[in-house]
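>>> take a look and give me a structure for this.
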Amino acid sequence: MSYPPQQPPYGYPAYGAYGPPQEHPQATIILILGILSLVFCQIIGPVAWVMGKRALNEIDASGGALGGRSNVMVGYICGIIASVLIIISLLFIALFLVLGIAGVWSSSSY
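Model prediction:
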């Protein structure tokens, strides 16, 4: 004689697992900011970098309750790359200004 399968206790899912973790609320925003910082406006790169680092810390501290780590990581890395590109471009601008001013002073005669 076979018995029908028993129902799980009230309040627990029928499939025996808790399901995938909930995605971090800012994961998609950080991903979009990181990509936009590389493609259009590098000024938002540091914003994606800081938000991404904070979200990664929150995901790590959640003990698996929060997901979306891959989206946050991509936005975080894009923000770092955009920030480095800003620094390099500012250094080039400063170099050209210094060389341009030095060139003007050296070519002027009294």
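
>>> and P4, what's its pLDDT?
On pLDDT, P4 comes in at 72.

>>> let me know the distance separating L99 from I93.
Separation of L99 from I93 (Cβ to Cβ, to the nearest Å): 11 Å. No exception for glycine: its C-beta is placed from N, CA and C like everyone else's.

>>> quick one: mean pLDDT over the longest helix along the chain.
In the chain, taking DSSP state H as the definition, the longest helix is helix 69-107. The average pLDDT within helix 69-107 is 90.

>>> what about it, distance to the chain center?
Computed by Cα atoms, centre = their mean, to the nearest Å, the chain-centroid distance of helix 69-107 equals 20 Å.

>>> next: stretch 44-64.
When C-alpha coordinates are averaged (Cα atoms, centre = their mean), stretch 44-64 and its chain have centres 7 Å apart.

>>> any buried residues in that stretch, and which?
For stretch 44-64, burial by neighbour count (16 or more other Cβ atoms under 10 Å) applies to I44, G45, V47, A48, W49, M51, G52, A55, L56, I59.

>>> okay, that stretch in CSV with CA atoms only?
What follows is stretch 44-64, C-alpha atoms only, in CSV (Å, rounded to 0.1, in the frame of the first residue of the first chain):
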residue,chain,number,x,y,z
ILE,A,44,30.3,59.3,-13.6
GLY,A,45,33.1,56.7,-13.5
PRO,A,46,34.0,57.5,-9.9
VAL,A,47,30.3,57.4,-8.9
ALA,A,48,30.0,53.8,-10.3
TRP,A,49,33.3,52.9,-8.6
VAL,A,50,32.2,54.1,-5.1
MET,A,51,28.6,52.7,-5.4
GLY,A,52,30.0,49.4,-6.7
LYS,A,53,32.4,49.0,-3.8
ARG,A,54,29.7,49.8,-1.3
ALA,A,55,27.3,47.3,-3.0
LEU,A,56,30.0,44.6,-3.1
ASN,A,57,30.6,45.0,0.6
GLU,A,58,26.9,44.8,1.3
ILE,A,59,26.6,41.6,-0.9
ASP,A,60,29.5,40.0,0.9
ALA,A,61,28.1,40.9,4.3
SER,A,62,24.7,39.5,3.5
GLY,A,63,25.8,35.9,3.7
GLY,A,64,24.2,35.0,0.4
